[in-house]
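Peer 1: quick check, what structure comes out for this input:
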Amino acid sequence: MSLFTSLFDPFKSSILFEDPNAMAMNWKETRHAHIYEFELPGLTKGDVRLQVHEGNVLKVSGCRAEETQEKGDTWHCRERTGGSFSREFRLPENAKVDEIKASMHDGVLVVTVPKDESKKKHKKREVEIAGHDEGLSAAKGLGRFVCCKA
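Peer 2: This next block holds a predicted model:
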């Protein structure tokens, strides 16, 4: 992922570098809910904290224990690190934050956020533009704009 893309990705847990403790997430929207699935292998529900703050910001955090290293052991590859982790993002406008439910099975945290059916998406509609165009020709009006491809 490029630096430009990572700066504007609202789901990245780190802006300038990859967080080794970042958790993978899937987000699925159904007719009645938003469903988020977080991969947290090796963790139990006691290791994870789920919070809603600022009204509609969901935060998943926790701590992964460091693996103990026995004397004489040699690590050849160690990609799963221990320590604390955190990921947060703004929930959709139609989220019923007071009715969020969560469950954890086999290292996957499933967060179900019911949708508020009264906050339906607005349909597109035409908006009339007010103003006076009298005396302006199409050529004169377009002459104000400069093309960037010279």
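Peer 1: with just CA atoms, put stretch 96-107 into CSV.
Peer 2: Below are the C-alpha coordinates for stretch 96-107, written out as CSV (Å, rounded to 0.1, in the frame of the first residue of the first chain):
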residue,chain,number,x,y,z
LYS,A,96,-27.7,1.9,16.8
VAL,A,97,-24.8,2.3,19.2
ASP,A,98,-26.9,1.4,22.3
GLU,A,99,-27.7,-2.0,20.8
ILE,A,100,-24.2,-3.2,19.8
LYS,A,101,-23.6,-6.9,20.5
ALA,A,102,-20.3,-8.8,20.4
SER,A,103,-19.2,-12.4,20.5
MET,A,104,-15.8,-14.2,20.2
HIS,A,105,-15.2,-17.7,18.9
ASP,A,106,-12.0,-19.3,17.7
GLY,A,107,-10.0,-16.0,17.8
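Peer 1: least confident secondary structure element in this structure?
Peer 2: helix 3-7 (a mean of 48; mean pLDDT, DSSP states H and E).
Peer 1: what are the ranges of the helices in the chain?
Peer 2: Counting by DSSP state H, the chain has helices at residues 3-7, 138-142.
Peer 1: tell me where the model's unsure across the chain.
Peer 2: Counting by pLDDT under 70, the ranges of the chain that qualify are 1-22, 119-123, 133-150.
Peer 1: can you give me the strands for it?
Peer 2: Counting by DSSP state E, the chain has these strands, from start to end: 25-29, 33-39, 48-53, 57-64, 83-90, 101-105, 108-114.
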